[in-house]
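Novice: Structure for this input, please:
(chains A, B, C, D, E and F)
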There are 4 protein chains.
Amino acid sequence: MQIKKQEIEDALIRTAEEEFYKYGFRNASVRRILTKTGVSIGNFYNYFQNKEALYEKVVGSEYRRFLSMMTEHEHHEYNGSYEGRLSDVISRVIPDFSRRFVILIEGSEGTRFDEARERMARLAKEHLKNHMDDSGVCIQNELLDLLANQFLDGLLAVVKAEPENTARRNRLLADYVFFYFSGMMGLINEKK
Amino acid sequence: MQIKKQEIEDALIRTAEEEFYKYGFRNASVRRILTKTGVSIGNFYNYFQNKEALYEKVVGSEYRRFLSMMTEHEHHEYNGSYEGRLSDVISRVIPDFSRRFVILIEGSEGTRFDEARERMARLAKEHLKNHMDDSGVCIQNELLDLLANQFLDGLLAVVKAEPENTARRNRLLADYVFFYFSGMMGLINEKK
Amino acid sequence: MQIKKQEIEDALIRTAEEEFYKYGFRNASVRRILTKTGVSIGNFYNYFQNKEALYEKVVGSEYRRFLSMMTEHEHHEYNGSYEGRLSDVISRVIPDFSRRFVILIEGSEGTRFDEARERMARLAKEHLKNHMDDSGVCIQNELLDLLANQFLDGLLAVVKAEPENTARRNRLLADYVFFYFSGMMGLINEKK
Amino acid sequence: MQIKKQEIEDALIRTAEEEFYKYGFRNASVRRILTKTGVSIGNFYNYFQNKEALYEKVVGSEYRRFLSMMTEHEHHEYNGSYEGRLSDVISRVIPDFSRRFVILIEGSEGTRFDEARERMARLAKEHLKNHMDDSGVCIQNELLDLLANQFLDGLLAVVKAEPENTARRNRLLADYVFFYFSGMMGLINEKK
DNA sequence: AATGAATGAGGGTTCATTCAT
DNA sequence: AATGAATGAACCCTCATTCAT
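Specialist: Model (predicted):
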């Protein structure tokens, strides 16, 4: 029954990922995680300082990766066409979205990652706004918020629908992003 | 003895609506509701069997209304144009979306309404599928799921963003639905 | 078995007094108090917000009383004789010392009453210093600290030794204070 | 394997002394001691059966020494003068008071040394009683207890105030003991 | 109809100690 | 001799719910 340290840590993180995915940070139960993993209460605290440290282990690197990705993305030059932007999003941004990312965005209430979703949506919104400004079209603020959040949710939904199979996931994404940009085009043309 | 039975029940339901909207079922606090309403613990359980019964009172009729609405909608004849469908959705479906509906969809975890969101999305999906079939276009299953859920989320987001002001809400809705159908059109044209 | 609210609160406070007296705040066990009193965990929190609130109930009024007493005492005019001061201390200051006061001074670590002992010792020291200055005698600082703390401990010891019987307690106090002032006189005469 | 057995034991005892001095037995943390000393948990239990055994190692010899000292002191002949007794106490008894002695007296709650303070005070009391009997003066029992405990506390306070500097410590002690005997003289003269 | 005292399972966390290696 | 992973009782506290009045 002797398991090596790394295996237990990994098992804890794996089970915790499920738990946090299901319940979010606040309603996740440490004791439930431990029962599932077969680790005793006391031993858990040999591996993680507390519940939040475990959460950070599950979600932290994902958070940092996303932040740097967004920043970098902002400074990236597009060749102007939708296809270019589209393929860029698909190939560079999306692959990093994972179940842990879903947790980060949807389950961080009561955590120092609390604001993650808001920050993300803000970035997406500004990103979106730039595109609209390029087109010389003005869109009301609420609609921008709505679409930015919608786009975000869509990405998360893709991850939820196809967490593993990359090929199917990318195909789904391609369609989704195409749909999204078609919608945007429609709006732009109408407002002109 | 000052307030008659019905008034107390109503007051409880009204306060509960706020609480469930803010926290969802699981994190809603019965005590907080009672304190706000000025009803004693013991008396609460004269009106409702338990927390979930209260939740059902807040959300149940909304749920049943939506179900029947969806079914009915299914049998409705459109005049074929997008504008027709669009205005139909806006004028007939949307006004029924309310704060309680948001609660039902987003706050039902740990409840027998757990699956409400799933069932709703399924209905929306079949609805969507019919439209696509009419257009002679075939779309992969996952994409249908995605778009149905997205549309649903969008509607909820609108309700959240503008819960009271009907005029602004309808304008936002119009834009959103237009965006959505533009996206669909894009997809259909590409697949053809 | 139905006990009225006030009786339970009193019983809790009484048992808590014992517990805090024995173990101090930090090492006192809420569960032990509850088991002894026959009150359930949940019900305890109907009476007190938390462990510290219970502690405050036991010790708070004693603390406030002592503070005001010390302040008032500082502004009091003596007729100069030791006997006068002595009887003043005995009749006015001491009767307020109680077992709860002992708890306050000796068991407050980890509480907002943390500094009670220090503040008391400081007051006693300044008090003492004034008497010495009146006698034109200078005493080294460490000795002042020592004697002030000693006097304080002595008072607490009297309370511990005779918590209830006022007559015996006062007799003990008279002797103790006499002893104390004799010691002071000895020091003063020697330093002159 | 780098440090020999005795060195480890000594290091543990040294660190434990600090810890017990700071926190007392009950609130001392074995883990904190081990971290400071750089000894592993498991190895600690090769050297000491448990926390209390470590405590005994820190405090036990001090306890036994004090007991024998007190006994021996009892059979010692004084030359009668206060000065003689005074210098005797200072030169023979006090130097043996150490930090470990403070620990023993003040930090033993929850230990088999629990009663150490009580036993010590009893010895001091009997000692005191003999002196009083020699003077033909009878003092009430409670007062004897009080003064014995007070004297003890005073000695501990001196050790705490000046744990290292022997010169200052002795000067403080001289003053303190003089104060104490002056007080005793005062009592004796009054009772006569 | 109404009150609120009482219950107890469950929440996260600490800590001395044991045991396999 | 040495390691540190593992254990579990105990800590304070929250909360929906029951029950006597």
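Novice: drop to CA atoms for contacts and neighbour counts, all remaining ones
Specialist: Will do.
Novice: Just want the most central residue of chain A.
Specialist: Here the mean C-alpha position of chain A is nearest to the C-alpha of A:Phe101 (Cα atoms, centre = their mean), at a distance of 3.6 Å.
Novice: Now for it: which residues touch it?
Specialist: A:59, A:62-63, A:156 (Cα atoms under 8 Å, 6 or more residues apart in numbering or on different chains).
Novice: now with 7 Å?
Specialist: A:Phe101 sits next to A:59, A:62 when contact means Cα atoms under 7 Å, 6 or more residues apart in numbering or on different chains.
Novice: downstream neighbour of the least confident helix or strand in chain A by mean pLDDT in the secondary structure list?
Specialist: None of the helices or strands of chain A scores lower by mean pLDDT, DSSP states H and E than helix A:82-88, at a mean of 56. Per DSSP states H and E, helix A:82-88 leads on to helix A:99-106 as the next helix or strand towards the C-terminus.
Novice: okay, now whatever residue of chain A ends up closest to DNA strand F: neighbour count?
Specialist: Closest residue of chain A to DNA strand F, Cα to the nearest atom of the strand: A:Gly42 (2.5 Å). Neighbours of A:Gly42 under the rule other Cα atoms under 10 Å in any protein chain shown: 8.
Novice: Then A:Gln6?
Specialist: Neighbourhood size, A:Gln6 [other Cα under 10 Å]: 10.
Novice: Then A:Ser29?
Specialist: Neighbourhood size, A:Ser29 [other Cα under 10 Å]: 16.
Novice: phi, psi of it?
Specialist: As for A:Ser29, its main-chain torsions (degrees, to the nearest 10) stand at phi -110, psi 120.
Novice: for A:Asn50, same thing?
Specialist: Here is the backbone geometry of A:Asn50 (degrees, to the nearest 10): phi -170, psi -180.
Novice: cool, and A:Leu146?
Specialist: Dihedral angles (degrees, to the nearest 10) for A:Leu146: phi -60, psi -50.
Novice: Identify the residues contacting it.
Specialist: A:Leu146 makes contact with B:Ala157 under the criterion Cα under 7 Å, 6+ apart.
Novice: same deal with A:Arg100?
Specialist: Contacts of A:Arg100 (Cα under 7 Å, 6+ apart): A:58-59, A:62.
Novice: now swap in A:Asp10 and tell me
Specialist: If a contact means Cα under 7 Å, 6+ apart, then A:Asp10 has no contacts.
Novice: Now do the SS call for whichever residue of chain A sits closest to chain D.
Specialist: Relative to chain D, the nearest point of chain A is A:Asn46 (12.4 Å; Cα to the nearest Cα). Three-state call for A:Asn46 (DSSP: H, G, I helix; E, B strand; the rest coil): helix.
Novice: And for it, the neighbour number?
Specialist: Look at A:Asn46: counted by other Cα under 10 Å, it has 11 neighbours.
Novice: can you pull the pLDDT of it?
Specialist: A:Asn46 carries a pLDDT value of 96.
Novice: what's the answer for A:Ile90, then?
Specialist: Value listed for A:Ile90 in the pLDDT field: 60.
Novice: ditto for A:Glu18
Specialist: A:Glu18 is given a pLDDT of 96.
Novice: and the next element down the chain from the host helix or strand of it?
Specialist: Taking DSSP H and E as the criterion, A:Glu18 maps to helix A:5-27. Per DSSP H and E, the first helix or strand lying C-terminal to helix A:5-27 is helix A:30-37.
Novice: which parts of that next one are buried?
Specialist: For helix A:30-37, the neighbour count (16 or more other Cα atoms under 10 Å in any protein chain shown) marks A:30, A:33-34, A:37 as buried.
Novice: and it, anywhere near DNA strand F?
Specialist: No - using Cα under 7 Å from any atom of the strand, helix A:30-37 stays clear of DNA strand F, coming no nearer than 9.2 Å.
Novice: Return the mean pLDDT over that helix, rounded to an integer.
Specialist: Mean pLDDT, computed over helix A:30-37, is 97.
Novice: Just checking it against DNA strand E, any contact.
Specialist: Yes - for helix A:30-37 and DNA strand E, the contact criterion (Cα under 7 Å from any atom of the strand) is met by A:30-32.
Novice: any idea which of these is closest to D:Thr166?
Specialist: A:Val30 (54.8 Å; Cα to Cα).
Novice: Would you mind listing the outside residues contacting stretch A:113-125?
Specialist: By Cα under 7 Å, 6+ apart, the residues outside stretch A:113-125 that reach it are A:105, A:108, A:144-145, A:148-149.
Novice: So which of those would count as near chain C as well?
Specialist: Taking Cα under 7 Å from any Cα of the partner chain as the test, chain C is in contact with none of the contacts of stretch A:113-125.
Novice: Counting neighbours, which of these comes out on top?
Specialist: Neighbour counts for the contacts of stretch A:113-125, by other Cα under 10 Å, peak at A:Ile105, which reaches 24 neighbours.
Novice: tell me the pLDDT at that residue?
Specialist: As summarised for this prediction, A:Ile105 has a pLDDT of 92.
Novice: How about the helix or strand in which A:Val159 is found, which residues are buried there?
Specialist: Using DSSP H and E, A:Val159 sits in helix A:141-161. In terms of neighbour count (16+ other Cα under 10 Å), helix A:141-161 has its buried residues at A:143-161.
Novice: What mean pLDDT does the next helix or strand along the chain from it get?
Specialist: Downstream of helix A:141-161, the next assigned helix or strand under DSSP H and E is helix A:166-191. For helix A:166-191, the mean pLDDT works out to 87.
Novice: Report all helices and strands that helix A:166-191 contacts.
Specialist: Helices and strands touching helix A:166-191, as assessed by 3 or more Cα pairs under 7 Å, 6 or more residues apart in numbering or on different chains; DSSP states H and E, comprise helix B:166-191.
Novice: what residues are up against the residue in chain A that chain B sits nearest to?
Specialist: In chain A, the residue that lies nearest chain B is A:Gly183 (3.9 Å; Cα to the nearest Cα). Listed by Cα under 7 Å, 6+ apart, the contact partners of A:Gly183 are B:179-180, B:182-183.
Novice: Could you report the distance from the spatially closest residue to it that is not a sequence neighbour to A:Lys160?
Specialist: Take A:Gly183 and drop its neighbours on the chain: the residue closest to it by Cα to Cα, 6 or more residues apart in numbering or on different chains is B:Gly183, 3.9 Å away. Look at B:Gly183 and A:Lys160: by Cα to Cα, to the nearest Å, they are 22 Å apart.
Novice: what do you get for A:Glu19?
Specialist: Relative to A:Lys160, and taking Cα to Cα, A:Glu19 is found at 15 Å.
Novice: go on, A:Ile103?
Specialist: For A:Ile103, the distance to A:Lys160 (Cα to Cα) stands at 10 Å.
Novice: can you dump the C-alpha coordinates of the helix or strand hosting A:His127 into PDB?
Specialist: Assigned by DSSP H and E, A:His127 belongs to helix A:116-134. Presented in PDB, the C-alpha positions along helix A:116-134 are these (Å, rounded to 0.1, in the frame of the first residue of the first chain):
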ATOM      1  CA  ALA A 116      -9.900  35.900 -13.100                       C
ATOM      2  CA  ARG A 117     -13.100  35.700 -15.100                       C
ATOM      3  CA  GLU A 118     -13.600  39.500 -14.900                       C
ATOM      4  CA  ARG A 119     -10.100  40.200 -16.100                       C
ATOM      5  CA  MET A 120     -10.400  37.800 -18.900                       C
ATOM      6  CA  ALA A 121     -13.700  39.200 -20.000                       C
ATOM      7  CA  ARG A 122     -12.300  42.700 -19.900                       C
ATOM      8  CA  LEU A 123      -9.400  41.600 -22.100                       C
ATOM      9  CA  ALA A 124     -11.700  39.900 -24.500                       C
ATOM     10  CA  LYS A 125     -13.900  43.000 -24.600                       C
ATOM     11  CA  GLU A 126     -11.000  45.400 -25.400                       C
ATOM     12  CA  HIS A 127      -9.700  43.000 -28.000                       C
ATOM     13  CA  LEU A 128     -13.200  43.000 -29.600                       C
ATOM     14  CA  LYS A 129     -13.500  46.700 -29.400                       C
ATOM     15  CA  ASN A 130     -10.300  47.200 -31.300                       C
ATOM     16  CA  HIS A 131     -11.600  45.100 -34.100                       C
ATOM     17  CA  MET A 132     -14.800  47.000 -34.200                       C
ATOM     18  CA  ASP A 133     -13.000  50.300 -34.200                       C
ATOM     19  CA  ASP A 134     -10.900  49.100 -37.100                       C
END
